[in-house]
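In: everything below, folded, please.
(2 chains)
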Amino acid sequence: MTALIFFIFAGIAVFCGVSLVVQKHPIASALSLIGVMGSLAVLYLQLGGEFIAAAQMIVYAGAIMVLFVFVIMLLNAGAEGTSLEGSPFAKYLGIFLLAAFLGLISFIIQAMLPARPGVVFGEWRGGTALEIGRKLFTAYLLPFEVTSVLILIAILGAIVLARKEI
Amino acid sequence: MIHNAVPTTWYLILSAILFGLGVAGFIYRRNIITVFMSIELMLNAVNLTFVTFSYELKQVDGHIFSFFVMVVAAAEAAVGLAIILTVFKNRHTLMIDDISSMKY
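Out: Predicted coordinates:
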């Protein structure tokens, strides 16, 4: 069951990722990116990350993508014309080299990690909000506070950049 | 071939594929918003690696790292989109080939 769900959502993620790269219109790319983020949230859930899956859906697929879609609509961004005119030879060679590269990456990753018992859903349940909160407010308290300052700076920067007179 | 347990390496391979797609989009696309979305795709791929190793080592630290990556990505999206808005207001274009005055 775990493998079936992994294959379904990994397939959706790769399909939406390819769609993000090859789509001409930015709105279609944004919707593909939402598909990638949703399927990654399911995979996080499978890996025992309840909190991080919820945060992925709320922060990434919710807030950030709403911001993207809002800016695309606001700027009325249309379909782009391809300015990169490659030869068909380069295209076919590129597909071959991409397949070879992915095979090499897969082989290296398989060879570097020792064989372990695989991922089973529900076997490790350490990613709850309780565990993350406990760690975040004890061991990672300083990065947490620095992050709040970063958010404040980002708010000020966005306000300054979006003023009228720049 | 379908076992119940999924090897951890498959998650890492999926993460590598998504990161490669992000790099391809970053290089290939001409629209500045799509380039920005490719960066977000790369950040997502790295998050998947963090969560996978967090499962592998049975420690929650990877989740916290990926949470920080999310927060930084949110801040970056706010500032980056504000920069894109300003560029569009001044240049009236979104194609990165036309916005090259800082290139040399």
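
In: so what's the spatially most central residue of chain A up against?
Out: By C-alpha atoms, centre = their mean, chain A has its centre lying nearest to residue A:37, at 5.2 Å. Residue A:37 sits next to A:56-57, A:60-61, A:65, B:44 when contact means C-beta atoms under 8 Å, 6 or more residues apart in numbering or on different chains. From N, CA and C alone the C-beta is placed, and that goes for glycine too.

In: which non-adjacent residue is nearest residue A:162?
Out: Of all residues not flanking residue A:162 in the chain, residue B:82 sits nearest, at 4.8 Å (C-beta to C-beta, 6 or more residues apart in numbering or on different chains).

In: let me know the helix or strand that the residue nearest to the centre of chain A is in.
Out: Assigning secondary structure by DSSP states H and E places residue A:37 in helix A:26-46.

In: host element of residue B:22?
Out: helix B:8-28.

In: next, give phi and psi for residue B:31.
Out: Main-chain dihedrals, residue B:31, degrees, to the nearest 10: phi -80, psi 130.

In: that one: how many residues sit nearby?
Out: Residue B:31 has 20 neighbours, counted by other C-beta atoms under 10 Å in any protein chain shown.

In: and what of residue A:159?
Out: Neighbour tally, residue A:159, other C-beta under 10 Å: 11.

In: gap between it and residue B:79?
Out: For residue A:159, the distance to residue B:79 equals 10 Å [C-beta to C-beta, to the nearest Å].

In: for residue B:70, same thing?
Out: 15 Å.

In: go on, residue A:164?
Out: Distance from residue A:164 to residue B:79, by C-beta to C-beta: 18 Å.

In: what about these two, which has more around it?
Out: Applying other C-beta under 10 Å to residue A:164 and residue B:79 shows that residue B:79 carries more neighbours, namely 19 against 5.

In: show residues contacting the lowest-mean-pLDDT helix or strand in chain A.
Out: Lowest mean confidence among the helices and strands of chain A (mean pLDDT, DSSP states H and E): helix A:88-112, at a mean of 83. Applying C-beta under 8 Å, 6+ apart, the contact partners of helix A:88-112 are A:86, B:9, B:12-13, B:16-17, B:20.

In: flag every buried residue along it.
Out: Within helix A:88-112, the residues that count as buried by 16 or more other C-beta atoms under 10 Å in any protein chain shown are A:105-106, A:109.

In: helix B:8-28 and that helix, what's the angle between them?
Out: On the basis of axes from the mean of the first three to the mean of the last three C-alpha atoms, to 10 degrees, helix A:88-112 is oriented at 150 degrees to helix B:8-28.

In: which element follows helix A:88-112 toward the C-terminus?
Out: Sequence order places helix A:129-136 as the next helix or strand after helix A:88-112, per DSSP H and E.

In: anything in the next helix or strand after that next one near chain B?
Out: Downstream of helix A:129-136, the first helix or strand assigned by DSSP H and E is helix A:141-161. Yes: residues of helix A:141-161 contacting chain B under C-beta under 8 Å from any C-beta of the partner chain: A:143, A:147, A:150-151, A:153-155, A:157-158, A:161.

In: domain map for chain A?
Out: What automatic domain parsing lists as the domains of chain A is A:1-77, A:128-166.

In: what's the average pLDDT for the shortest one?
Out: For domain A:128-166, the per-residue pLDDT values average out at 90.

In: tell me which residues in that domain are buried?
Out: A:131-132, A:135-136, A:140, A:147, A:150, A:154, A:157-158, A:161-162.

In: then stretch A:62-81?
Out: So for stretch A:62-81, counting by 16+ other C-beta under 10 Å, buried means A:64-65, A:67-69, A:71-72, A:75, A:77, A:80.

In: what's that stretch in contact with?
Out: Contact with stretch A:62-81 is made by A:24-27, A:30, A:33-34, A:37, B:29-31, B:33-34, B:36-37, B:40, B:73-74, B:77-78, B:81, B:84-85, B:88, B:94-95, as judged by C-beta under 8 Å, 6+ apart.
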